[in-house]
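>>> mind folding the following:
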Amino acid sequence: MKIQRLIGAMVVVLFAALFVVSSNSVVRAQSSTQQADITEDQTNLDTQLYLLVATNQTVPDEKLPASLDGVVRQLRSTLPFKNYRLAATLLNRVKNDGRLDLSWIGGPLANTVGQATNINPSFSQFKVRQVRLARTSSGETVVQMAGFNFGLRIPIQVGQVASAGGFPAINYENTGLSTDISIREGEPVVVGTLNVGPSGDAIILVVAAKRTGR
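Next up, the predicted model:
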């Protein structure tokens, strides 16, 4: 009987020890998961939006950033434009799972499309509802941009106002692009093209995003 009681006591002690070890493992696993979530929440991404103007007009040869070489080769093989030049580069930092919302008046697009001038400037807006890191089924890191939106209001001369001494009559026309995209981290890609004005010129949207180093 004493031996049976001793064996029973040893079994109880063993189960208690196993319970403590299992509980500690669960706590450590939860702590690791929470720490990973915190680290991921602190991740920032640098985004770059390049606005290229494509035209058949004769313009001075302008050297584009080396990072856009692959994009420009793709454009020259698919779009019938003679020249491409960089109108603007927009750099922004956003938190993982965060959003972007940027608006500006005139600036880099003035005198490049339509009839935009300092007197009749263009109005632009770039926003993304959510920017987040994700992984594909093959384990590749991608950047998802949900609610990607670029809008542009440009002045178009539609005639002249005789009563105002022959001043041009200007109408503002809207152009833009809305989509959901997923891109490889750090790789510039063409999002879309926008025709602007009667000149036949086009704005080409190129976007890239990657994690920051800190």
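
>>> can you pull the phi/psi pair for the closest residue to Leu49 other than its chain neighbours?
Among residues not flanking Leu49 along the chain, Leu90 sits closest, at 4.3 Å (CB to CB, 6 or more residues apart in numbering). Where C-beta positions appear, they are placed from N, C-alpha and C, glycine not excepted. Dihedral angles of Leu90 (phi, psi; degrees, to the nearest 10) stand at phi -110, psi 120.

>>> what's the neighbour count on Leu90?
By the criterion of other CB atoms under 10 Å, Leu90 has 18 neighbours.

>>> that one and Ser138, how far apart?
Distance, Leu90 to Ser138, using CB to CB, to the nearest Å: 31 Å.

>>> could you pull out the strands for this structure?
For the chain, the strands defined by DSSP state E occupy 44-55, 83-95, 98-105, 123-135, 141-161, 167-184, 189-195, 202-211.

>>> how about those strands in CSV, adding distance to Asp69 and mean pLDDT?
Formatted as CSV, those follow (distance: least, CB to CB, whole Å; pLDDT from 0 to 100):
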stretch, distance to Asp69, mean pLDDT
strand 44-55, 12, 92
strand 83-95, 11, 91
strand 98-105, 26, 91
strand 123-135, 23, 93
strand 141-161, 21, 86
strand 167-184, 16, 87
strand 189-195, 13, 91
strand 202-211, 12, 93
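
>>> including distance to Leu68, could those strands go into CSV?
Shown next, in CSV, are the strands of the chain (distance: least, CB to CB, whole Å):
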stretch, distance to Leu68
strand 44-55, 6
strand 83-95, 8
strand 98-105, 20
strand 123-135, 18
strand 141-161, 17
strand 167-184, 14
strand 189-195, 10
strand 202-211, 7
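
>>> quick one, which of those strands gets closest to Val72.
Proximity to Val72 (CB to CB) singles out strand 83-95 among the strands of the chain, at 5.9 Å.

>>> how about the nearest residue to Tyr50, chain neighbours excluded?
With CB to CB, 6+ apart as the criterion, Tyr50 has its nearest non-adjacent residue at 4.1 Å, and that residue is Val206.

>>> tell me how many other residues crowd that neighbour.
Using other CB under 10 Å, Val206 is surrounded by 21 other residues.

>>> hmm, Val53 and it touching each other?
No. At 11.8 Å, Val206 does not count as touching Val53 under the criterion of CB atoms under 8 Å.

>>> got the contact list for Arg93?
Asn44, Leu45, Asp46, Thr47, Thr212 (CB atoms under 8 Å, 6 or more residues apart in numbering).
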